[in-house]
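In: okay, structure incoming, though there's no sequence with it:
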């Protein structure tokens, strides 16, 4: 019997993502891929999926799904989203069996902007130029190149044994980074006056309302250009802080265009991109400078945190961990009931 | 124009290096970009993931946990000193059919009035130009062309027009541009080509390589309709001549 995931409701911002469409930047193709690459990797690891597998990225608009045909294992990781399985609240990160007839509801919670739902199966959508990642502006990948919507059905193949019960999920890679986000100056740092750097590193910045998968707008003092606001267009990567003529910076995110014609004062280092991505419009942040060596060291630490995988904690003492241990999905299991309000319903 | 004696190496984050050869849109600078691109693609050092040529720089995406920045920079310096080694860039010559007649040429009358020329003149001057494909950007298959005559150089619109038709041939600033799928733009639609510069479903997703030569062959609306039908059936109607 085949299984499918049925999308019962989808807020704006829900899409299918894999690590991204690589190798086509030279032809103007945006890679897309996850906003929070660390949480994406953790959701796939918890579901026993390879790093390149497709997961559902869920934004602040939330998602409601049911399973059809068979019980499907689900892993959810990201930030503090509020999830419920029918009427039972779930931890903000978990693995759980989703039986036909049960409804999994994921809503924005106290903190965070994105979370990732990975099934214990492969989501069977067509490979488009080597990737299944959705880039809706160019209509590539995902389901017909568009964001997920109520009524969509995701066919699942190569289903893996679902977990026997609900487990809370923790992972070193999901730990929230406090403190300022680290910036590597350049490539057009020489286009800015010294005051621009004082403002960049001195001010408190607010994530603007019109922020999305393409770019996060930053509200704060205008950053003064020293040599004008136009450059001959060059390559643009995720994390680039582009400063148009009005001096209001924006950080290019997963759906950025592959090239840009505004000077880029600095880049958010890759290890700090998840922390940035998880900020909501209205939240504030600060920046601090970093060297290339520091950025690479942070990148290595992040890769190591992701490689340490996930820890699963049964929500009920009688829950069996044998299946999960048997699949070698977990580095360690802590026997704790946690502080959930209620136990999940069978 | 300013071409640098030695390329500047600029970090675009810790996992991308932008190698800049100059600060203007210029075919000699772009040729150095494409020579380095071709050399890196012919023998990519382990850890180089993807290269992105633009008018005057090459952005190299790499994994710094595999390839240290210093090692990449040393390799780039060596290749740039050899003029990109002997690896030739594609250098093909493309002839694209293009209809410059309204209503397909949505903005040609407006552009002509901005330029102080007749629409016929604008079409003729554009079709007589030999362009160089500098780079892609903006959206899949949007190909930027250098070589636009001074008489067709126009400031971009103050505010963008609505989505372009598929295969739009545009001018803006000192450049021409071929659009693929519809997008809003501040440029002027001078004409349309029935050819698709990008198709996700075709074995050859993209036709033109950066560095190729591009010319336009004027066609009338009837010929456009006929060629468009052939393109819709999967045919490639642009003509390619090897160098």
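Out: Nice, thanks for sending it over. Fair warning: this is a prediction, and the values are worked out from it, not measured in the lab. Numbers count the residues shown, from 1 in each chain, chains lettered A, B, ... in the order given.

In: alpha carbons only for contacts and neighbour counts from here, please
Out: Noted.

In: spell out which parts of chain A neighbour chain B.
Out: Proximity of chain A to chain B is confined to A:22-23, A:25-30, A:128-129, A:138, A:140, A:184-187, A:232-237, A:239-240, A:257-260, A:266-270, A:292, A:295-296, A:300 under the rule CA under 8 Å from any CA of the partner chain.

In: and those, which are buried?
Out: Among the residues of chain A next to chain B, the ones that count as buried by 16 or more other CA atoms under 10 Å in any protein chain shown are A:22-23, A:25-30, A:128-129, A:138, A:140, A:184-187, A:232-237, A:239-240, A:257-260, A:266-270, A:292, A:295-296.

In: which of those fall in strands?
Out: Using DSSP state E, the subset of these located in strands is A:184-185, A:234-235, A:240, A:259-260, A:266-268.

In: pull the longest strand from chain B.
Out: What stands out as the longest strand in chain B, according to DSSP E, is strand B:3-11.

In: which strands and helices lie in contact with that one?
Out: Strand B:3-11 sits against strand B:16-22, helix B:69-81, with contacts defined as 3 or more CA pairs under 8 Å, 6 or more residues apart in numbering or on different chains; DSSP states H and E.

In: strand partners of the shortest one, parallel vs antiparallel please.
Out: Strand B:16-22 has the following strand partners under DSSP bridges: strand B:3-11 (antiparallel), strand B:57-62 (antiparallel).

In: most packed of the ones you listed?
Out: strand B:57-62 (a mean of 26; mean count of other CA atoms under 10 Å in any protein chain shown).

In: report the angle between it and helix B:69-81.
Out: Put simply, strand B:57-62 runs at 140 degrees to helix B:69-81, going by axes from the mean of the first three to the mean of the last three CA atoms, to 10 degrees.

In: so for the helix ranked longest in chain B, what gets flagged as buried?
Out: Counting residues, the longest helix found in chain B (DSSP state H) is helix B:27-42. Residues B:27, B:29-40 are the ones in helix B:27-42 that count as buried (16+ other CA under 10 Å).

In: do the same with stretch B:155-170
Out: Result for stretch B:155-170 [16+ other CA under 10 Å]: buried residues B:164-170.

In: now that stretch, how far from the centre of its chain.
Out: In this view, stretch B:155-170 has its centroid 16 Å away from the chain centroid, taken as CA atoms, centre = their mean, to the nearest Å.

In: report the mean per-residue pLDDT for it.
Out: For stretch B:155-170, the mean per-residue pLDDT is 89.

In: tell me which residues are up against that stretch.
Out: Under the criterion CA atoms under 8 Å, 6 or more residues apart in numbering or on different chains, residues B:98, B:172-173, B:176-197 lie in contact with stretch B:155-170.

In: closest to chain A among the buried residues of helix B:27-42?
Out: The nearest member of those to chain A, counting by CA to the nearest CA, is residue B:37 at 10.4 Å.

In: the closest one reaches residue B:57, doesn't it?
Out: No - distance between residue B:37 and residue B:57: 9.7 Å, which falls outside the contact criterion (CA atoms under 8 Å).

In: shaky segments in the stretch 201-346 of chain A?
Out: Within the stretch 201-346 of chain A, the ranges that satisfy pLDDT under 70 run A:316-346.

In: find the closest residue to chain B in the stretch 201-346 of chain A.
Out: With CA to the nearest CA, the shortest gap between the stretch 201-346 of chain A and chain B falls at residue A:267, namely 5.1 Å.

In: for residue 20, what are its contacts?
Out: Went with chain A since none was named. Neighbouring residues of residue A:20 by CA under 8 Å, 6+ apart: A:31-34, A:131-133.

In: that's the wrong chain, I meant chain B
Out: By CA under 8 Å, 6+ apart, the neighbours of residue B:20 are B:7-10, B:33, B:56-58.

In: same thing with residue B:173?
Out: The neighbours of residue B:173, taking CA under 8 Å, 6+ apart as the test, are B:153-156.

In: burial measure for residue 195, as a count.
Out: By default, I'm working from chain A. Neighbour count of residue A:195, defined by other CA atoms under 10 Å in any protein chain shown: 14.

In: try again with chain B
Out: Neighbour count of residue B:195, defined by other CA under 10 Å: 24.

In: okay, and it sits in which element?
Out: Assigned by DSSP states H and E, residue B:195 belongs to no helix or strand.

In: would you confirm that it contacts residue B:233?
Out: No - counting by CA under 8 Å, residue B:195 does not reach residue B:233; the two are 11.5 Å apart.
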